[in-house]
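Asks: Following is a predicted model, sequence given first.
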Amino acid sequence: MDRGEKRPKLLLTRKLPDAAEEAFAARFDCQFNPEDEALSPDNICKAADGCFGIALTSMDKFNAGLISRLPSSVKIIATVSVGHEHVDLSAATAKGLIATNTPGVLTDATADIALLLMLGAARGAHWGERMVREDRWPGASMVTPLGHDVSGQRLGILGMGRIGQAVARRARAFGMTIHYHNRKPVADEEAAGATYHAKLEDMLPHCDFLSINCAMTAETRNLINARTLALLPHGAIVVNTARGGIVDDDALIAALQGGHVAAAGLDVFANEPNIDPRYRTLENAFLLPHLGSATLRTRTDMALKALANLTAFAEGKTPPDRLN
Ligand code: DGY
C-alpha cells in the first residue's frame, strides 16, 4: 500500500496476540480493544461505524439482530475461529455481508487438547493434581485411587474432519482402535483404517471413548443426549472439544452421576463461561476453559488467517475462507 493512501478502517472486537495486532496495524486502520472487554451489540455497532470489516471471535454473538443493525459501511465479518455457529450466516447473506472463518490452523492444538481430555478424564489427572497440591496425598495404595485405561481401547470419533482425523492419528499412538461417524466416509488415506459407521447409533456401542469433533449445527445440537448416551458401553468416557451445545447437559450429568458414563473431559460448554454448575460438583468430570486453540502460535496463526481473508476482500479478491 502506498504511503499516504488512506487505509481501510477495521474493528477488532477482542484483543489478539501482539504479533497479529502488529500485522493488522500494518495493513488497516485498526480500532483495537486493548482492554479485551466484551463489547455489547450497541458498542459493536457504534465502533464499527465507518469500518469496512470486523474481526470477531467465537465469544461475540453475531445473531440476526446484531447483523441487521451493523452500519452499512461493514461488508465483511471475519471470525477468528473455525467454529462459526455464533454468526448467523443467513442474516449475513441477507444483508450482503461476506463471512469468513479460520480452518486448518488450529487442528493440531485442538487435537492435542482432545488427547489431554481423554487422558485427564480417564486417569483422574484433576483429582490427582488437587490431592498433591492440597497436601492430601495419603501415600501409596494398590487399590485407590484408580483410573481407567486409555491404551488399547476403542475410540469413536463423531465428526471425522481435520480435527477428528488429527485426534485419530494421536490415538493410534496409544494403540487405540478407531471408529468414526460422519455424514460421509472420508477418503481411505484419511480414514487410515478407521471403521466407518453411517449411523451414529451403530458406532456408539463400539466406543470405550467418544470424542466429539463435529461442527455445531441445527442437526448436531443435543445430538449426544439420553438416548444416544445409553447406546455407549457402560463405563465409557466422553470428551468434547467441539461445542457444548452438541451435548444435552442434563443427560450427560445424569450419566456421570449414575456411572453409565465413567468420566467426561470437557473443554467446551453450553453458555460459556456460565457453565452448568453441576459439572463443578462431579469428581468424574475433567473440565477445561475452552483451551482447544489456546497456544500463542495457534492464536496468532488464527488471527493472521482472518487478516488474510480481510486483506483479500479489501483487494477485491474472494477471501480464501469464505463461508457464504
Ligand atoms: C474455534 O476456533 O472454533 C475454537 O473453538 C475457538 O473458538
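Replies: Received the coordinates, thanks. Numbering: from 1, shown residues only.
Asks: Please enumerate the strands of the stretch 1-150 of the chain.
Replies: Applying DSSP state E, counting those that start in this stretch to the stretch 1-150 of the chain gives strands spanning 9-12, 29-31, 53-56, 76-79, 98-100.
Asks: Help me see whether the third one makes contact with the ligand, please.
Replies: No: using C-beta under 6 Å from any ligand atom, no contact is recorded between strand 53-56 and the ligand, whose separation bottoms out at 10.8 Å. Using the backbone N, CA and C atoms, a C-beta is placed for each residue, glycine as well.
Asks: now for that strand, which elements pack on it?
Replies: strand 9-12, strand 76-79, helix 296-314 (3 or more C-beta pairs under 8 Å, 6 or more residues apart in numbering; DSSP states H and E).
Asks: Let's see that with 6 Å instead.
Replies: strand 9-12, strand 76-79 (3 or more C-beta pairs under 6 Å, 6 or more residues apart in numbering; DSSP states H and E).
Asks: who wins for proximity to the ligand among those?
Replies: In terms of C-beta to the nearest ligand atom, the element of these nearest to the ligand is strand 76-79, at 7.9 Å.
Asks: need the residues of the stretch 151-300 of the chain near the ligand, please.
Replies: Checking the stretch 151-300 of the chain against the ligand by C-beta under 6 Å from any ligand atom, the hits are 292-293.
Asks: What ranges does the stretch 151-300 of the chain have for its helices?
Replies: 162-172, 188-191, 200-203, 226-230, 249-258, 296-314 (DSSP state H, counting those that start in this stretch).
Asks: What is the neighbour count of Thr195?
Replies: 15 (other C-beta atoms under 10 Å).
Asks: is it in a bridge, and if so with what?
Replies: Beta-bridge partners for Thr195, by DSSP bridges, are His179.
Asks: Would you check that it makes contact with Ile178?
Replies: No: counting by C-beta atoms under 6 Å, Thr195 stays clear of Ile178, with 7.1 Å between them.
Asks: just to revisit the earlier point, now the helices of the stretch 151-300 of the chain as TSV including mean neighbour count and mean pLDDT?
Replies: As requested, those are arranged in TSV below (neighbours: other C-beta atoms under 10 Å; pLDDT from 0 to 100):
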stretch	mean neighbour count	mean pLDDT
helix 162-172	22	98
helix 188-191	12	98
helix 200-203	17	98
helix 226-230	16	98
helix 249-258	18	98
helix 296-314	21	98
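Asks: Select, out of these, the one closest to Leu116.
Replies: Nearest to Leu116 among the helices of the stretch 151-300 of the chain is helix 162-172; the distance by C-beta to C-beta comes to 10.1 Å.
Asks: Mind giving me the packing neighbours of that closest one?
Replies: Using 3+ C-beta pairs under 6 Å, 6+ apart: helix 162-172 touches helix 107-123, strand 154-158.
Asks: returning to what we had before: mean neighbour count and mean pLDDT added to the strands of the stretch 1-150 of the chain, as a markdown table?
Replies: Shown next, in a markdown table, are the strands of the stretch 1-150 of the chain (neighbours: other C-beta under 10 Å; pLDDT from 0 to 100):
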| stretch | mean neighbour count | mean pLDDT |
| --- | --- | --- |
| strand 9-12 | 24 | 98 |
| strand 29-31 | 16 | 98 |
| strand 53-56 | 26 | 98 |
| strand 76-79 | 27 | 98 |
| strand 98-100 | 24 | 98 |
